[in-house]
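>>> The sequence and its predicted three-dimensional model are supplied below.
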Amino acid sequence: MAELRLARPRVLFFVEGNTDIRFVVGLSEICDLTMAVPARAYEESTLKARVAACGARLRVHEIAGGRAAFQLRSFAYLWRAVPAFDVVLAQEMLRGSLNATVVGALRGVPVVTTMALPPVEYFRCRRERGQVGAFGAWAGEAVIRTLMTVNGRLATRCLALGPYLQDIARHYCAATEPGYYYGVDVATFHPANAQERTAIRRRLNLPVNAFLIVLASRISHEKDPETVLRAVAAARARGLNAVLLNLSGGYEQFLALAHSLGLADSASWVLARPAVHPMTELADYMRAADALVQGSLEEGLGLSPLEALACEVPVVATSVGGMAAHLGDYATLTPRRDAGAMADALVTIAARADAAREQARRGREYVCREWSRDRAFSELHRSLIGASIGVEAHARERAAA
């Protein structure tokens, strides 16, 4: 009877910050889903509006308050709510997951944590950018490591996104398995031929004859938009008619950054627009591009490069973290903060377009094989059921003893 019920397990997805609508929709398809979220972030991130519009079957419980209030209220909420679920899926391995793993351990309900970014390495980027001082950097890293250690020991298992993060997660949670987050919808992210690219650009009011470079990532401390901007400026100085398009929630910051760097005539070639809906609009921007660039100081995996490769769009990415671990055969990787090398890569892609597209075609095969949406949620379903059945079996053994 339990196995029949667990074919669609009752899952509480506990979110400490923001999450992607693609993950929420996919998760709702494989389980009886309840999502607990911080009310402010849920509203401000536009996730609330997207959930309301998507038609997914789920319940949402909003928890009010800033960080301290959310931590206290979410503990009380979890204590009441957790016994009604087969498994708790807790986002990341930091402060939010601490409540979930403690309550899960006390209540005897399995908790599966996730790791989609490297917490310590991302935090160090704040120090590199001067956002925290020496003592703050030491204290912050100590707190992060403590949280990861406690959560890793209390969690039933951890799902880590890609090989780089799996290696990090295993230091804290012995029961670490591969995770794929929302994967790539390879039916939506698919190649466009030259005529289709032209038609898409006209429809989206993008330059038809320019070498269009997309930067789809948000503006954050671990990203490196400065190097991307300088690289495109250098490629233009060498004769490449390149334009750079940023799609992100921080697009206004991106425009201000381009202006502050004093790049020649940047207003004519730096474009920026708000983040578009990732399920209905993003793919066409990728399909219209000549290249995608992902500049980072640190990176857990890099899903935007995978989406671009699914469209057979050449990718240039910084050789750090997860991108260095799995993109080497399918993208051009450049050294950290090396605008010259990134400019060289862009000029080469433009000059050898057929070879670049062929490399990207192999990248699509890789994405279809390893990172498809179908695989991502099939594996997630298996992990959630496995965690729940494992705890039930352990409870039966204890009762029998």
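Yep, that arrived. Residues are numbered from 1 along each chain as shown.
>>> where do the strands sit along the stretch 301-401 of the chain?
Counting by DSSP state E, counting those that start in this stretch, the stretch 301-401 of the chain has these strands, from start to end: 315-318, 332-334.
>>> Extract the residue ranges of the stretch 301-401 of the chain that are flagged as low pLDDT.
390-401 (pLDDT under 70).
>>> how close does Leu244 get to Ala325?
Leu244 sits 26 Å away from Ala325, taking CB to CB, to the nearest Å as the criterion. Where you see a C-beta, it was placed from the backbone N, CA and C, and this is true even at glycine.
>>> higher neighbour count, these two?
Shown here are Leu244 and Ala325; by other CB atoms under 10 Å, Leu244 has more neighbours (28 against 19).
>>> Can you report phi and psi for the more buried one?
As for Leu244, its main-chain torsions (degrees, to the nearest 10) stand at phi -120, psi 120.
>>> what bridges to it?
Counting by DSSP bridges, Leu244 forms beta bridges with Ile213, Val270.
>>> isn't it right next to Pro225, touching?
No. In this structure, Leu244 is not within contact of Pro225 by CB atoms under 8 Å, at 9.4 Å.
>>> Find residues that contact each of the two.
Jointly contacting Leu244 and Pro225 under the rule CB atoms under 8 Å, 6 or more residues apart in numbering are Leu215.
>>> Go through stretch 261-275 and flag the buried ones.
263, 266, 269-272, 275 (16 or more other CB atoms under 10 Å).
>>> Please list the outside residues in contact with it.
Counting by CB under 8 Å, 6+ apart, 206, 210, 218, 226, 229-230, 232-233, 236-237, 242-249, 251-252, 254-255, 258-259 sit against stretch 261-275.
>>> Name only those of those that count as buried.
206, 210, 218, 226, 229-230, 232-233, 236, 242-248, 251, 254-255, 258.
>>> so Arg126 is in which element?
Secondary-structure assignment from DSSP states H and E places Arg126 in helix 119-128.
>>> Next SSE downstream of that helix?
helix 134-154.
>>> same for that next one, what does it pack against?
Contacts defined by 3 or more CB pairs under 8 Å, 6 or more residues apart in numbering; DSSP states H and E place helix 134-154 against helix 95-107, strand 111-115, helix 119-128.
>>> How about the shortest one, which residues are buried there?
When you say that, I think you mean strand 111-115. 111-115.
>>> Pro191 contacts Gly363, correct?
No. With contact defined as CB under 8 Å, Pro191 does not count as touching Gly363 (10.9 Å).
>>> Overlap in contacts, those two.
Both Pro191 and Gly363 are in contact with Glu312, where contact means CB under 8 Å, 6+ apart.
>>> one step back: what's the helix holding Arg126 packed up against?
Where contact means 3+ CB pairs under 8 Å, 6+ apart, helix 119-128 is packed against helix 134-154.
>>> between the helix it packs on and strand 111-115, how many degrees?
140 degrees (axes from the mean of the first three to the mean of the last three CA atoms, to 10 degrees).
>>> and helix 134-154 with helix 119-128, angle?
Counting by the same axes, to 10 degrees, helix 134-154 points 170 degrees away from the direction of helix 119-128.
>>> ok now do Ser45, which residues does it touch?
18, 249.
>>> Helices of the stretch 301-401 of the chain, start to end?
Counting by DSSP state H, counting those that start in this stretch, the stretch 301-401 of the chain has helices at residues 303-310, 321-326, 339-351, 353-370, 373-400.
>>> Thanks again, I'm all set now.
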